[in-house]
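Engineer: this is a predicted model, with the sequence first.
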Amino acid sequence: MARTTVLGGSRPAAAAVPPERVADANAAPVRAGGRHVLYWMIGARRTVWNFGLQHAVERARELGRPLLVLEALRAAYPFAAARFHRFVLDGMRDNAARFQAAGVTYYPYVEPEAGAGRGLLERLAAEACLVVTDDVPFFFLPRMVRAAARRLPVRLERVDGNGLLPWRRAGRAHDTARSFRALLQRELPSRLHELPAADPLADGAPPGRASVPADVRRRWPAAAPDLLAGRRGLERLPIDHAVPPVPIAGGPVAGRAALDRFLERLDRYEVERNDPDRDATSGLSAYLHFGHLSAHEVFAAVAAVERWNEGRLGRPAGGARAGWWGMGPSAEAFLDQLVTWRELALNRCAFDEAPERWESLPAWARETLERHAGDPRPRVYAPDELERAETHDQLWNAAQTQLVREGRLHNYLRMLWGKKILEWSATPREALATMLRLNDRWALDGRDANSIAGVAWVLGRYDRPWGPERPIFGTVRFMSSANTARKVRVREFLGRYGR
């Protein structure tokens, strides 16, 4: 078996998926006489570093059946828009090429109208031994998988490849980064070699080649190559075309290129990441959100650049950040974002059925904001004025313009962006709704666990009370544009996005 060097050692390139990452979504049987194993690709939209695909390959080999991969794109998901469709379609193009080269049947389906894809999954499952899918604990995906589990006539197995820690291992929602980091520091050392295979198809495809029934091809035609390639077809889909595509390419190929570029500037991250005038952030959030890039691959790549091995792990007390990984300061700072904060956001979505609700915020934050809900606001802007960046604040307008124009928002300015929406909204509940809507409608990395966590942080989640008590904010942390402009460099940012 081929071996690959990872984290300072070697491991099998196609080691088995850890059992704690696999869960049955229903009690239907595995049909050993089925024609294929179906991998329903919904969250990990890539052919590499993918526990879901790896498990589907394993099951196909166990059963001696070919693998069929279905990657579908709905027309009516929340905030469906040309911007997000184009990003996903870029990934479908990459996946089609990779599966073709590997000898695996791949079926990319794009709904031409809302509801047109209804019945496709059940039809392909009707001839399957079992169905494998991704276990993603946010957006509409958990509801979709639960609904499918009730309808499918065969076993549906879901596979968690979201982060370094299997999300069920936490057992509960954590309220602070420190407590969650302490959990990670206890649990991760024994799991750092449990990485997905870098290429689950490296040893070849499962036996045979799955065929797609003719009635499926007629009723649910595969996406046209021109649509996947971006030449034509997107404009005809019933989605929000007022949110247009951006120049940032989607897909696993572009995601890996973005990772490589970030690794070249990694040493600048710790010092320059908060400066909007510097290009020091990772730029990876959209690729992680759409499943075009794996957190495991990112972690392994950073570890390789740092020439790191597990012997350098520290033993910090009580969830402290300093001294944990035993890497350079920039790598330590980045991994705290990738592992602690990103997986903390996933943790909240996994153990809180509605983490975006007002009632999900910490009690102290709700109480102080409600106590000050009637405070006079120096200015109140309607949500549509905010969306158009029509405020008196030049820096805030520039941040909102970047979001609308490019589908991204500088990480540090995202905090200020939210704090000012709180200050300028009629009520804190309205501020919550406005932040979620603007971020989800325009941001490539919106509609994500991290999006919810970032918005909720503005309103006090994962934070503590801050004094002195202020109008509007109470004891929720306050930020101002003037202080931000003094603290970080924004002149070039204002030149690019200001009016």
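Structural biologist: Okay, I see it.
Engineer: how does this structure divide into domains?
Structural biologist: 1-205+243-353, 358-497 (automatic domain parsing).
Engineer: chain center to the first one: distance?
Structural biologist: It stands for domain 1-205+243-353. Per CA atoms, centre = their mean, to the nearest Å, the displacement of domain 1-205+243-353 from the mean C-alpha position of its chain is 8 Å.
Engineer: one step back: could the domains of the chain go into JSON lines alongside distance to Glu235 and mean neighbour count?
Structural biologist: Every C-beta, even on glycine, is put in place using the N, C-alpha and C of the backbone. JSON lines is the format used below for those (distance: least, CB to CB, whole Å; neighbours: other CB atoms under 10 Å):
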{"stretch": "domain 1-205+243-353", "distance to Glu235": "8", "mean neighbour count": "19"}
{"stretch": "domain 358-497", "distance to Glu235": "18", "mean neighbour count": "19"}
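Engineer: and the next helix or strand past the helix or strand containing Ala303?
Structural biologist: According to DSSP states H and E, Ala303 maps onto helix 295-305. Downstream of helix 295-305, the next assigned helix or strand under DSSP H and E is helix 329-335.
Engineer: who's in contact with that next one?
Structural biologist: 266-271, 273, 282, 299, 302, 305-306, 308, 321-322, 324-325, 327 (CB atoms under 8 Å, 6 or more residues apart in numbering).
Engineer: how does it look with 10 Å?
Structural biologist: Helix 329-335 is contacted by residues 164, 262-263, 265-273, 280-282, 284, 298-299, 302-303, 305-306, 308, 314, 321-328, 342 when judged by CB atoms under 10 Å, 6 or more residues apart in numbering.
Engineer: restricting to C-alpha, output it in PDB.
Structural biologist: Provided in PDB are the C-alpha atoms of helix 329-335 (Å, rounded to 0.1, in the frame of the first residue of the first chain):
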ATOM      1  CA  PRO A 329       3.600  32.400  16.300                       C
ATOM      2  CA  SER A 330       1.900  32.800  13.000                       C
ATOM      3  CA  ALA A 331       1.100  29.200  12.600                       C
ATOM      4  CA  GLU A 332      -0.100  29.100  16.300                       C
ATOM      5  CA  ALA A 333      -2.400  32.100  15.700                       C
ATOM      6  CA  PHE A 334      -3.800  30.600  12.400                       C
ATOM      7  CA  LEU A 335      -4.400  27.200  13.900                       C
END
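Engineer: so after it, what's the next helix or strand?
Structural biologist: Following helix 329-335 toward the C-terminus (DSSP H and E): helix 342-351.
Engineer: do a quick rundown of the helices in the stretch 151-300 of the chain.
Structural biologist: 177-187, 214-219, 225-229, 252-264, 269-272, 285-289, 295-305 (DSSP state H, counting those that start in this stretch).
Engineer: circling back to that earlier point, show me what the helix holding Ala303 is packed against.
Structural biologist: strand 3-6, helix 252-264, helix 285-289, helix 329-335, helix 342-351 (3 or more CB pairs under 10 Å, 6 or more residues apart in numbering; DSSP states H and E).
Engineer: between those, which one is closest to Arg168.
Structural biologist: Arg168 sits nearest to helix 342-351 of all the helices and strands packed on helix 295-305, at 7.4 Å, using CB to CB.
Engineer: restricting to C-alpha, output the helix or strand that that closest one is followed by in PDB.
Structural biologist: As assigned by DSSP H and E, the chain's next helix or strand after helix 342-351 is helix 363-371. The C-alpha atoms that make up helix 363-371 are tabulated as PDB, following Å, rounded to 0.1, in the frame of the first residue of the first chain:
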ATOM      1  CA  ALA A 363     -28.400  35.200  29.100                       C
ATOM      2  CA  TRP A 364     -26.200  38.100  30.300                       C
ATOM      3  CA  ALA A 365     -25.900  39.500  26.800                       C
ATOM      4  CA  ARG A 366     -29.700  39.300  26.100                       C
ATOM      5  CA  GLU A 367     -30.400  40.900  29.500                       C
ATOM      6  CA  THR A 368     -28.000  43.900  29.000                       C
ATOM      7  CA  LEU A 369     -29.100  44.500  25.400                       C
ATOM      8  CA  GLU A 370     -32.800  44.300  26.200                       C
ATOM      9  CA  ARG A 371     -32.200  46.700  29.100                       C
END
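Engineer: before we move on, which element is Glu71 in?
Structural biologist: Taking DSSP H and E as the definition, Glu71 sits inside strand 67-73.
Engineer: that strand: partners in the sheet, and parallel or antiparallel?
Structural biologist: strand 36-41 (parallel), strand 105-110 (parallel) (DSSP bridges).
Engineer: closest to Ser179 out of those?
Structural biologist: It is, among the strands paired with strand 67-73 and with distance given as CB to CB, strand 36-41, at 33.6 Å.
Engineer: the helix or strand just after that closest one - contacts with which helices or strands?
Structural biologist: Tracing the chain past strand 36-41, the next element assigned as helix or strand by DSSP H and E is helix 51-63. The elements that helix 51-63 packs onto, with contact taken as 3+ CB pairs under 10 Å, 6+ apart, are strand 22-24, strand 36-41, strand 67-73, helix 82-102, strand 128-134, strand 156-159.
Engineer: what angle do the fifth one and strand 36-41 make?
Structural biologist: What it means is strand 128-134. Here the directions of strand 128-134 and strand 36-41 differ by 20 degrees (axes from the mean of the first three to the mean of the last three CA atoms, to 10 degrees).
Engineer: can I get the CA coordinates of strand 128-134 in CSV?
Structural biologist: Taking Å, rounded to 0.1, in the frame of the first residue of the first chain, the C-alpha atoms of strand 128-134 are listed here in CSV:
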residue,chain,number,x,y,z
ALA,A,128,-28.0,0.9,-4.5
CYS,A,129,-26.5,-1.3,-1.8
LEU,A,130,-26.5,1.7,0.5
VAL,A,131,-26.0,5.5,0.4
VAL,A,132,-23.2,7.4,2.0
THR,A,133,-23.3,11.2,2.6
ASP,A,134,-21.6,14.0,4.5
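Engineer: mean confidence for that strand?
Structural biologist: Per-residue pLDDT values over strand 128-134 give a mean of 99.
Engineer: output the contacting helices and strands for that strand.
Structural biologist: Using 3+ CB pairs under 10 Å, 6+ apart, strand 128-134 is in contact with strand 36-41, helix 51-63, strand 67-73, helix 120-125, helix 141-151, strand 156-159.
Engineer: could I get the helices and strands packed on helix 51-63 as CSV with distance to Asp240?
Structural biologist: Shown next, in CSV, are the helices and strands packed on helix 51-63 (distance: least, CB to CB, whole Å):
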stretch, distance to Asp240
strand 22-24, 34
strand 36-41, 24
strand 67-73, 14
helix 82-102, 7
strand 128-134, 25
strand 156-159, 29
